[in-house]
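In: sequence and predicted structure are below.
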Amino acid sequence: MRMVMAEANPEKQLGRIHSILEKRMLPRRRIVRSGAAIGASLLAGLHLLAVAEPCHAQEPSPPADAQSSASPVLDYFRDWFAMVSKTQAEQPHWITPLVTVTPRLEQELRYDQFWQSRPEGQRLTNYGGGKGLELIPTEKTEVILGIPAWLSRNHPEDTDGWADETFLLKYRVLSANEENGNYILTLFMGFSAPTGTRTNSMDHAMFSPTIAFGKGWGDFDVQGTVGATLPDNAPGSLGTPILANLAFQYHVQRFFWPEVELNYTYWPNGDRHGNNQLFITPGLVVGRIPLWERLGLTVGFGWQIAVTRNPVYHNSAVLSVRLPF
């Protein structure tokens, strides 16, 4: 009877079977759906990790003024060359003479050498000339850190050795480049410490206040200095010599600067009281030849000739090599 009824109502029988199967498959569907959801979440997470930037890159950078105030020393050296270029753009663009110290502010490494012919057949070679590293630390100042010269003589024996250590501070008072007047006025204070060997030291600290000036007219310029050398105590045998220099230059083509210098010294006291000496120094300076970025090369050669009696030396060949930067 039941079989007959079942066969008589096939739709109810199929519905019952479908219901039973669905109840049995429900856990499996939930598992599949859960697995699919977990897999999708993992894939989304991996995608976010792959495209996301590091946390520190997303943090906002501090403002420029905060960075500057955090390291003033680093800021100074970062902006140093820009300051030097600005300072040099405000002054004439002449070349530094062979002997006369220029009133311009320069930044370079310099080496000079002199071959002097002295009385009684003595020949003295000066390696370095007391030059060294020249730096512009601020807009109106320059510092020269001299390297002690090595002095070598043909006689007497055992007199070779180091000269005294020298320093020079420049302060530029007035300046105008070629477009605005072409002139300059600078104050110097030189100093030498008695660090040399026995036969080559002055044995006193020496101070050298100096006024330096310059004026240009087109390709022609004049640069000069007037100063004195003062020992650290009474003048004594060294005296207080007064020194004056004038350099006349003419700019030819791009790199050539022929010049004539007058180098004068007068002793108002000391062992050479009343004496004076004057050298005429014709020469040629070639530069500034660009080498790499800011680095350049300047080379000069001249010949000093004494034109007064009883000079410290009769004549001298002069070589100067500089690397401005």
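Out: Alright, I've got the coordinates. In this text the structure is predicted, and so the values were computed from the model without any measurement.

In: quick one: buried residues of stretch 158-175?
Out: For stretch 158-175, the neighbour count (16 or more other CB atoms under 10 Å) marks 159, 161-166, 168, 170, 172, 175 as buried. For the C-beta atoms, the positions are set from N, CA and C on the backbone; glycine is no exception.

In: in CSV: these, plus distance to residue 183.
Out: CSV is the format used below for the buried residues of stretch 158-175 (distance: CB to CB, whole Å):
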residue, distance to residue 183
159, 44
161, 42
162, 38
163, 34
164, 33
165, 33
166, 28
168, 21
170, 16
172, 11
175, 7
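
In: out of those, which comes closest to residue 198?
Out: Nearest to residue 198 among the buried residues of stretch 158-175, counting by CB to CB, is residue 161 at 7.2 Å.

In: elements contacting the helix or strand containing residue 85?
Out: Per DSSP states H and E: residue 85 is located in helix 80-89. Contacts defined by 3 or more CB pairs under 8 Å, 6 or more residues apart in numbering; DSSP states H and E place helix 80-89 against strand 132-138.

In: report the angle between the strand it packs on and helix 80-89.
Out: 90 degrees (axes from the mean of the first three to the mean of the last three CA atoms, to 10 degrees).

In: could I have strand 132-138 exported to CSV, CA atoms only?
Out: Extracted in CSV, the C-alpha atoms of strand 132-138 (Å, rounded to 0.1, in the frame of the first residue of the first chain):
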residue,chain,number,x,y,z
GLY,A,132,99.4,77.2,1.8
LEU,A,133,95.6,76.9,2.1
GLU,A,134,93.4,79.9,1.5
LEU,A,135,89.7,79.7,2.6
ILE,A,136,86.7,82.0,2.6
PRO,A,137,84.8,81.2,5.8
THR,A,138,82.4,84.1,5.7
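
In: go ahead and confirm residue 313 touches residue 115.
Out: No: applying CB atoms under 8 Å, one finds residue 313 not in contact with residue 115, separated by 10.0 Å.

In: the stretch 101-250 of the chain: helices as residue ranges?
Out: With DSSP state H, counting those that start in this stretch, there are no helices along the stretch 101-250 of the chain.

In: low pLDDT regions in it?
Out: Along the stretch 101-250 of the chain, the parts satisfying pLDDT under 70 run over 234.

In: residue boundaries of the strands in it?
Out: Using DSSP state E, counting those that start in this stretch, the strands of the stretch 101-250 of the chain run over residues 108-117, 123-128, 132-138, 141-146, 150-153, 161-162, 165-176, 183-193, 206-217, 220-228, 230-231, 242-250.

In: check which residues of the first one are buried.
Out: Buried positions in strand 108-117, judged by neighbour count with 16+ other CB under 10 Å: 108-110, 112-114, 116.

In: please apply the same query to the fifth one.
Out: Neighbour counts over strand 150-153 (16+ other CB under 10 Å) mark 150-151, 153 as buried.

In: closest to residue 245 out of the residues you listed?
Out: For the buried residues of strand 150-153, the nearest to residue 245 is residue 151 (21.7 Å; CB to CB).

In: where's the closest one relative to residue 124, distance?
Out: Separation of residue 151 from residue 124 (CB to CB, to the nearest Å) stands at 6 Å.

In: same check, this time on residue 148
Out: 15 Å.

In: same thing with residue 107?
Out: 30 Å.

In: of these two, who's got more company?
Out: Using other CB atoms under 10 Å as the criterion, residue 107 and residue 124 rank with residue 107 on top: 21 against 17.

In: what about the nearest residue to that one once chain neighbours are set aside, neighbour count?
Out: Nearest non-adjacent residue to residue 107, counting by CB to CB, 6 or more residues apart in numbering: residue 136, 4.9 Å away. Look at residue 136: counted by other CB under 10 Å, it has 22 neighbours.

In: and residue 136, what does it touch?
Out: Contacts for residue 136 (CB atoms under 8 Å, 6 or more residues apart in numbering) come out as 83-84, 87-88, 105-107, 142.

In: so residue 205 makes contact with residue 196?
Out: No: Residue 205 is beyond contact range of residue 196, at 12.0 Å (criterion: CB under 8 Å).

In: related to what we said a few turns ago, which of the contacts of residue 136 ranks first by neighbour count?
Out: Within the contacts of residue 136, residue 105 tops the neighbour count with 25 neighbours, counted by other CB under 10 Å.
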